[in-house]
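**Q** Model the structure of this input:
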Amino acid sequence: MLWVWFVLQVLTVLGVANYWRNLPKDRQEEAPADVVLILSVRDDWDGGPDLIARLKAQNAPFRLLLATSGNCAAANALAAREGDWAQVVAAGVAQDEGQKVHKLRAALRALRPDDRYLVFIDADIEPPARLVGRLLFPLVRGKADIATGYRILLPEGSGLAALVGAVEMQLATLPRFASATMPWGGAMAMTRDVADRLDLGRALAGRLSDDMTIGLAGWRAKLRLRPVRDLLVASPLDGKAADLLGFGVRQYRHVVTNSAGMWALATGAVAIQSTAWGWALIWGGWPAVAIGYGAAWGRALARRRIITSVLEQGQVAKAQRSLVWDIIAPFAVIWAHLAVQGMAVTSSHIRWGGWDYRVRRGQVVKMERCG
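**A** Residues are numbered from 1 along each chain as shown. Purely as a prediction, here's the structure:
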């Protein structure tokens, strides 16, 4: 069993090292004409001064399309002030689909005939200046149909927020297939032709998760979904314990309500690691514990090199808080990961953005406002 444990831990280190080794050194960008960036915002959005400053600093130009319910004062003010650059589309309030999906569908209907490239981002990210150009590069060069980044959480504290960040970092630094990854709606791009081929507005109708819907539709259509590995985009994380736990559970509930098979595969892999750590701590003795910690420190070192390569200096300090859990208690990270996966399958209700949705096979079957 000790040799099985050793091989298992070596594989986990090699997986993270593979991501690090495949980080692009020559981070080429493209800046074609007719790019529209779609940003869905809630009614209480504060205008995101840091986000807007970062978007204006992008290396590649684009038109900003703000998708709202129609009651976002900050979005309306930005469009009034920056009318040549930013426009608002008012979607109204959804009755049978996710609010974000509802706004995205309205934005798709509002596209201009000459919009050739579509970029989607979330409002809670800190995008680097290369984000748009890097997402567009594989599309313009014909290397992908959909290009995507992923998030790196920036926990405000070193407690539960950092633990959630450590779990998310396990996902962020998994090896990626060059043409078959799942997209993340927080930083994603596609051509207008691909959106039309997927009939994207219709594909999203009645859905809650934009990225799961687009990813599964892309797989079924045999599209090339390409990760841009250096676009691990900073996303701040803070809140009460219940909010942080709810964030983790919600991510996997999106998965299980769209693809039980994908959830089972991910949970099975984590369960093997969790069980193996239990064996190492209880029956494996000090050699097994030493192997486990040695591998954890190796993964932490590789992840530190990854985040220092892709994040800004101020972001690195926050992201590294999650690495502390890998160094001190790696078993806690894998057990927490398994716990949120298990909790995700206990219900089909997803609370998100002030709404309680009941989801079946990706479709919203019931929704109501919640506190």
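
**Q** for stretch 357-366, which positions count as buried?
**A** Using 16 or more other C-beta atoms under 10 Å as the test for burial, stretch 357-366 gives Y357, R358, V359, G362, Q363, V364. C-beta coordinates here come from the backbone N, C-alpha and C atoms, glycine included.

**Q** And those residues, which two are furthest apart?
**A** R358 and G362 (12.0 Å; C-beta to C-beta).

**Q** Next up, phi/psi of the residue nearest to E312 when sequence neighbours are not counted, please.
**A** Of all residues not flanking E312 in the chain, P128 sits nearest, at 6.9 Å (C-beta to C-beta, 6 or more residues apart in numbering). Backbone torsions for P128, taken as degrees, to the nearest 10, come to phi -70, psi 160.

**Q** residues in contact with P128?
**A** Going by C-beta atoms under 8 Å, 6 or more residues apart in numbering, P128 touches R54, L231, V233, E312.

**Q** do that again at 10 Å, thanks
**A** Contacts of P128 were listed using C-beta atoms under 10 Å, 6 or more residues apart in numbering, and they are 27, 54, 57-59, 134, 149, 230-234, 310-312, 315.

**Q** ditto for L245
**A** Contacts for L245 (C-beta under 10 Å, 6+ apart) come out as L160, L163, V164, G239, A336, A339, V340, M343.

**Q** V88 too?
**A** 41, 64-68, 70, 72, 75-80, 107, 110.

**Q** Assign it to helix, strand or coil.
**A** strand (DSSP: H, G, I helix; E, B strand; the rest coil).

**Q** and the helix or strand W219 falls within, average pLDDT?
**A** W219 is located in helix 210-220, with elements delineated by DSSP states H and E. When pLDDT is averaged over helix 210-220, the result is 95.

**Q** Just the buried positions in that helix, please.
**A** D210, D211, M212, T213, I214, G215, L216, A217, G218.

**Q** mind checking pLDDT for the nearest residue to Q95 once chain neighbours are set aside?
**A** Computed as C-beta to C-beta, 6+ apart, the closest residue to Q95 that is not its neighbour in sequence is M367, at 7.6 Å. Per-residue pLDDT puts M367 at 96.

**Q** burial count for M367?
**A** M367: 20 surrounding residues under other C-beta atoms under 10 Å.

**Q** Touching, it and R207? I think so.
**A** No - applying C-beta atoms under 10 Å as the test, M367 and R207 come out as separate, 11.9 Å apart.

**Q** Enumerate every residue touching A205.
**A** D96, E97, V101, H102, R105, D199, T213, Q363, V364.

**Q** same deal with N258?
**A** If you count contacts by C-beta under 10 Å, 6+ apart, N258 has them with R207, L208, S209, D211, M212, T213, G215, L216, V359, R361, G362, Q363.

**Q** hmm, back to that, export the contacts of A205 to TSV and tack on distance to V10 and secondary structure?
**A** Output for the contacts of A205, formatted as TSV (distance: C-beta to C-beta, whole Å; DSSP: H, G, I helix; E, B strand; the rest coil):
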residue	distance to V10	secondary structure
D96	49	coil
E97	45	coil
V101	42	helix
H102	47	helix
R105	46	helix
D199	45	coil
T213	37	helix
Q363	42	strand
V364	43	strand
